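>>> Have a look at this prediction, sequence included:
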Amino acid sequence: MTQDELLRELYDATLVGNGPAVLDLVNSGLAAGMGPETLLYESLIPSLEEVGARFERGDFFVPEMLIAGKAMAGALEVLRPLLAETGAASIGTVVMGTVKGDVHDIGKNLVNIMFEGAGFQVIDLGVQVAPEKFVAAITEHQPDIVGFSAFLTTTMPMFKANINALVKAGLRDQVIVMVGGAPVTQEYADAVGADGYAADASAAVARAKELLGRRRSLATA
Ligand code: B1M
């Protein structure tokens, strides 16, 4: 099988949520010398985008979306150590979570993996994280950055609720707030008062480093 054929088969297997085939193909791709990023960005993610498009058109329903998501999550477990390979000492701490009312976690987990790969320590609070849980985690871990993920238009307003909770707890100025997720835009991030937004996991790491660098240079100025 050529690499293009493997990517196509992986795309198709993810689309129909064939978890065992997805794992086999990911492992075969890696054994053939393909990079984890190639498998992720040229097959797995585009396939999930197609799942979403089919769901929107009414061709797929929640069960199909669920099994495709599970197949992708299985692949991410194999890719995680390869994407997160780093010998670097921690360059900062990030508390991450998907906001209250939202169970999507594949995108958040990918952001976590990329953060870990860049040398950040990540404290993952999981999904459906209530504002008070973010407040408690920030108080306990004193992170440099807190990241909120939202994947539904109906849960995006939780960004503002979370930021309000940080203000109320007197923590807002201690931590950089980053937001992201499929429906989120820079304009929305600005409107809720977040410090940073990124459209994908790689951009999230770049933005985090930039924001952290700026804050540290201000602190030492
Ligand atoms: Co749902 N779902 N889902 N879903 N789901 C979407 C998000 C949707 C866009 C599908 C569609 O209609 N096209 C749609 C939302 C529409 C909207 O609000 N505008 C939708 C819907 C409607 C729903 C339900 C309401 C369906 C229902 O029950 N009727 C329901 C909601 C449940 C809930 O949360 N309360 C639901 C449920 C589910 C499943 C459980 C079945 C499953 C989730 C499995 C899981 O995550 N464990 C699921 C899935 C799989 C999807 C799609 C198909 C795929 C999501 C995904 O993993 N994408 C999705 C369609 C789509 O996104 N195209 C869809 C791949 C992932 C790598 O990308 O998530 O964008 P993404 O993450 C990116 C960026 O967003 C960014 O980096 C990530 C990596 O590059 N990013 C950040 C993320 N967080 C960041 C944080 C940052 C910075 C960047 O800083 C802190």
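Received, thanks.

>>> Only C-alpha atoms from now on, for both contacts and neighbour counts.
Fine.

>>> any idea what sits nearest L23, other than its immediate chain neighbours?
A75 (5.8 Å; C-alpha to C-alpha, 6 or more residues apart in numbering).

>>> For my notes, confirm the one you found occurs in a strand.
No: judged by DSSP: H, G, I helix; E, B strand; the rest coil, A75 forms no part of a strand; its state is helix.

>>> OK, contacts around it?
22-23, 26 (C-alpha atoms under 8 Å, 6 or more residues apart in numbering).

>>> Cross-check these against the ligand and keep the overlap.
Near the ligand, judged by C-alpha under 6 Å from any ligand atom, there are no entries from these.

>>> Which PyMOL command selects the buried ones in these?
Applying 16 or more other C-alpha atoms under 10 Å to the contacts of A75, the buried members can be selected in PyMOL as follows:
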select buried, resi 22+23+26
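
>>> List, one by one, the residues from this structure near the ligand.
So the chain meets the ligand at 45, 48-49, 51-53, 55-56, 62, 65-66, 69, 101-108, 110-111, 147-149, 151-153, 178-183, 197-201, 204 (C-alpha under 6 Å from any ligand atom).

>>> Give me the buried entries from those residues.
Members of the residues of the chain next to the ligand classed as buried by 16+ other C-alpha under 10 Å are 45, 48, 51-52, 65, 69, 101-102, 104-105, 107-108, 110-111, 147-149, 151-152, 178-181, 197-198, 201, 204.

>>> Mind splitting the chain into its structural domains?
3-86, 92-220 (automatic domain parsing).

>>> now those domains in JSON lines, with mean pLDDT?
What follows is the domains of the chain, written out as JSON lines (pLDDT from 0 to 100):
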{"stretch": "domain 3-86", "mean pLDDT": "94"}
{"stretch": "domain 92-220", "mean pLDDT": "96"}
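
>>> Report the separation between the residue lying closest to L82 once chain neighbours are set aside and A182.
Nearest non-adjacent residue to L82, counting by C-alpha to C-alpha, 6+ apart: P36, 6.9 Å away. Distance of P36 to A182, given as C-alpha to C-alpha, to the nearest Å: 22 Å.

>>> Same question for L39.
Taken as C-alpha to C-alpha, the span from L39 to A182 is 20 Å.

>>> The residue positioned nearest the centre of the chain in helix, strand or coil?
The residue lying closest to the centre of the chain (C-alpha atoms, centre = their mean) is K108, at 2.4 Å. Put simply, K108 is helix when judged by three-state DSSP.

>>> With the one 4 residues further on instead?
At N112 the chain is in helix, as set by three-state DSSP.
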